[in-house]
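1. Test case, fold it:
(one chain, ligands or ions: 2)
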Amino acid sequence: MQHFQKSVYDLIVETSTNLPADVRRTIQAAKELEDQGTRSALSLSTIANNIHMAETNVSPICQDTGMPTFIIHCPVGANQIIMKKQIREAVAQATKDSKLRTNSVDSLTGANTGDNLGPGTPVIHFEQWERDDIEVKLILKGGGCENKNIQYSLPAELEGIGKAGRDLDGIRKCIMHAIYQAQGQGCSAGFIGVGIGGDRTSGYELAKHQLFRHVDDVNPIDELRKLEEYVMAHANTLGIGTMGFGGQVTLLGCKVGVANRLPASFFVSVAYNCWAYRRQGVVLDAVEGKIQSWVYETGTAVPMELEEEAAEGAADQAERREIILNTPISEEQIRSLRVGDIVVINGMMHTGRDALHKYLMDHDTPVDLNGAALYHCGPVMSKDENGEWHVKAAGPTTSIREEPYQGDIIKKFGIRAVIGKGGMGAKTLKALQEHGGVYLNAIGGAAQYYAKCFKKVDGVDFIEFGVPEAMWHLQTEGFAAIVTMDAHGNSLHAEVEKDSLQKLTELKEPVFK
Ligand SMILES: O=C(O)C[C@H](O)C(=O)O
Ligand code: SF4
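-> Numbering: from 1, shown residues only. Ligands and ions are numbered 1, 2, ... in the order given. Below you'll find the predicted structure:
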């Protein structure tokens, strides 16, 4: 098995950097469905571009390279102890090479292990089979979409869609509610895996396993096939759209699995996966561990159509209001912005996420944040031989986590623009209005696209928080984002949420009797 570790390393790199062909085809089909020139269509073009860039740069599609989860099938007698050790070494090496972000954090102290190894990470499952070869499958599912997973215990009363009983129609209601509650926060348009039955633990596992199915397979259980078809036909009526901007395409795939349950329990578990649906697998010979084939057709077979998008984007931009913001930004300029405007930021940008927000509540900031642009982002960074840092992947993180702090921090330090994804709540909206600030939505997962805007790393504070949580000071050029919350009390997120709840209500009537 002298090649096993190298094969696993290659699998990690492929999974993190090259979205498989079935996922690419689905994203391309979504682009066709979306109304041209809308925010959602533009975002899908950026996503397509980003997929292409990640493959070319052999760098992470999204900066959140998720919880590496391996499912291994091996013949009786294969040495699982050695395989496990080599998988861990391959993970550490891929992290060192910036193919994975340092994503393993001590839950109590917040300390980052720096190599993606730690209690419970990576996740490795073994199963024996009758075949002579070894199959290693890997999914890299990020934290933002993982946070949108949801588990229902039937019967239940669900917001908008009403009573969900212990039957197929109740399951239907849970699934539609799960899609609604994710809004754009899990980087829609997404894929969902559903597990019916099991217990709380095995139900979620079953749901996650559905994400290993091919996008275009057909469920062999007739009732579940019908359920999947129903969900695919109706999810898009919710109007959530790409990144929750509103639009025609909200869901890209739905796979449902079933297991037995206890008489007293009836769980419906939903695993939500963002468009950055990174899963791949390899079949290895059991003697040397060399790759014989890939489980999913590789992305290289389906190039993303770039020229066409560039033209579309350019035509659309001509009609849109596009405003250049140079940091530090004035209050007057911020107050002139409206929801829907596209802004392009130049100058200094500072990153900050959970650890920094908590810290800033009762400490001072190490740099002047008056008029600043604060980016909710935990990048993948690399340090060269001269000790200089480089941004390898840097898309936004889900902003709503900072809701308890954001309003106070904006006012305390004079921040003018907060950049992230998924939107923020009422408290932040009020602070934006009072102080004169905007919330800008960047395209979640477009980590290569944004990394290119960071021309130089000017310094870093709080590196002790770990690379993703540190405060990076980045010289920025041409960072485009959309105003989704303005200083006049308008929030696109609140609007889309309200409209989609109304649409969900329309799906209340029983379908499966
Ligand atoms: O952790 C991140 O960088 C992003 C996260 O996956 C998210 O979607 O919020
Ligand atoms: S940022 Fe978006 S694309 Fe990236 S892992 Fe999180 S949910 Fe997925």
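
2. my guess is residue 114 meets residue 468, correct?
-> No: between residue 114 and residue 468 there is no contact under CB atoms under 8 Å: 11.0 Å. Just so you know, the C-beta spots here come from the backbone N, C-alpha and C atoms, and that holds for glycine as well.

3. what's downstream of the helix or strand of the chain with the lowest mean pLDDT, the next helix or strand?
-> The weakest-scoring helix or strand in the chain, judged by mean pLDDT, DSSP states H and E, is helix 306-319 (a mean of 51). Counting by DSSP states H and E, the next helix or strand C-terminal to helix 306-319 is strand 322-326.

4. Pairing partners for that next one, with directions?
-> Strand 322-326 pairs in its sheet with strand 342-351 (parallel), by DSSP bridges.

5. Quick check: the closest residue to ligand 2 within the stretch 401-513 of the chain vs residue 236, distance?
-> Across the stretch 401-513 of the chain, no residue is closer to ligand 2 than residue 445, which sits at 2.8 Å (CB to the nearest ligand atom). Distance of residue 445 to residue 236, computed by CB to CB, to the nearest Å: 20 Å.

6. Who has more neighbours out of the two?
-> residue 445 (32 against 20; other CB atoms under 10 Å).

7. dump the residue contacts of that one.
-> 47, 50, 61, 62, 142, 187, 274, 275, 276, 395 (CB atoms under 8 Å, 6 or more residues apart in numbering).

8. Can you get me a residue count around the residue nearest to residue 112 when sequence neighbours are not counted?
-> Leaving aside its sequence neighbours, residue 112 sits nearest to residue 466 (CB to CB, 6 or more residues apart in numbering; 2.9 Å). When neighbours are defined as other CB under 10 Å, residue 466 has 21 of them.

9. right, and residue 466 touches residue 114 too?
-> Yes: the pair residue 466 / residue 114 is scored as a contact, 7.4 Å apart, by CB under 8 Å.

10. Overlap of the contact sets of these two?
-> Taking CB under 8 Å, 6+ apart as the criterion, residue 466 and residue 114 both touch residue 102.

11. Before we move on, what's the pLDDT of the closest residue to residue 194 other than its chain neighbours?
-> Among residues not flanking residue 194 along the chain, residue 256 sits closest, at 4.3 Å (CB to CB, 6+ apart). Predicted confidence (pLDDT) at residue 256: the value is 98.

12. Spit out the contact partners of residue 256.
-> 171, 175, 193, 194, 196, 210, 219, 224, 227, 228.

13. of these, closest to residue 371?
-> Residue 371 has its nearest neighbour among the contacts of residue 256 in residue 193, at 44.2 Å by CB to CB.

14. Tell me if the closest one really is in a strand.
-> Yes: under DSSP: H, G, I helix; E, B strand; the rest coil, residue 193 falls within a strand.

15. Run a quick neighbour tally on the residue nearest to it when sequence neighbours are not counted.
-> Leaving out its chain neighbours, the residue that sits closest to residue 193 by CB to CB, 6+ apart is residue 210, at 3.1 Å. Residue 210 has 23 neighbouring residues, counting by other CB under 10 Å.

16. so residue 210 touches residue 203, yeah?
-> No: using CB under 8 Å, residue 210 is not in contact with residue 203; the gap is 11.3 Å.

17. hey, what's in contact with both of the two?
-> Contacts common to residue 210 and residue 203, judged by CB under 8 Å, 6+ apart, are residue 195.

18. Name the residues that touch the helix or strand containing residue 494?
-> Following DSSP H and E, the helix or strand that holds residue 494 is helix 492-505. Contacting residues not belonging to helix 492-505 are listed as 159-161, 176-177, 180, 183-184, 237-241, 244-246, 339-340, 422-424, 429, 441, 484-485 [CB under 8 Å, 6+ apart].

19. what comes up buried for it?
-> 492, 493, 494, 496, 497, 500, 503, 504 (16 or more other CB atoms under 10 Å).

20. Now for residue 237: which residues touch it?
-> Residues in contact with residue 237 (CB under 8 Å, 6+ apart) are 503, 506, 507.

21. from those, which single one is nearest ligand 1?
-> residue 503 (24.0 Å).

22. how near is that closest one to residue 98?
-> 41 Å.

23. do the same with residue 302
-> In terms of CB to CB, residue 302 sits 25 Å off from residue 98.
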